[in-house]
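Engineer: Sequence first, predicted coordinates after that:
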Amino acid sequence: QVELQESGPGLVKPAQTLSLTCTVSGDSITTDYFYWTWVRQPPGKGLEWMGAIAYHGRMTYYSPSLMSRTSISRDTSTNQFTLQLSSVTPEDTAVYYCARDRGGGALDTWGQGTLVTVSS
């Protein structure tokens, strides 16, 4: 059974970089054809797809609206992938989720989510 768990600071100051890690168990992030994804949900708003890294690690994909501030990477030795979002503002306050994409945007497994608040 695959499980995903987000970790990282719950409070980030404006203009700083938000960094989150997703630890995957029960599956390898190198397993063929899966994409490892970050999604967020601001308070009172819908889900926003942020980006993903492919199973082979050679490709990353980002939301056009966040591309200039977002970086997704992975560490195969620890079976983790990470999100970095730079120059954050209070509008980046959200619950951040990591998820597994089976392909075509089918997110079949989610972490529990972690609330990140951007505030001074």
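Structural biologist: On my side now, so go ahead. Numbers count the residues shown, from 1 in each chain.

Engineer: center of the chain, which residue is that?
Structural biologist: In the chain, the C-alpha nearest the mean C-alpha coordinate belongs to Trp38, at 2.7 Å (C-alpha atoms, centre = their mean).

Engineer: Pull out the buried positions in the one helix or strand that one maps to.
Structural biologist: Using DSSP states H and E, Trp38 maps to strand 35-41. By neighbour count on 16 or more other C-beta atoms under 10 Å, the buried set for strand 35-41 is Tyr35, Trp36, Thr37, Trp38, Val39, Arg40. In short, each C-beta sits where N, CA and C put it, glycine included.

Engineer: wait, isn't the first one in contact with Gly103?
Structural biologist: This points to Tyr35. Yes - counting by C-beta atoms under 8 Å, Tyr35 touches Gly103, with 6.9 Å between them.

Engineer: Identify, from the buried residues of strand 35-41, the entry nearest to Gly10.
Structural biologist: Nearest to Gly10 out of the buried residues of strand 35-41 is Arg40 (C-beta to C-beta; 13.9 Å).

Engineer: ok, Asp27 touching Tyr55?
Structural biologist: No - assessed by C-beta under 8 Å, Asp27 is found out of contact with Tyr55, at 10.2 Å.

Engineer: any shared contact partners between these two?
Structural biologist: Common neighbours of Asp27 and Tyr55, using C-beta atoms under 8 Å, 6 or more residues apart in numbering, are Phe34.
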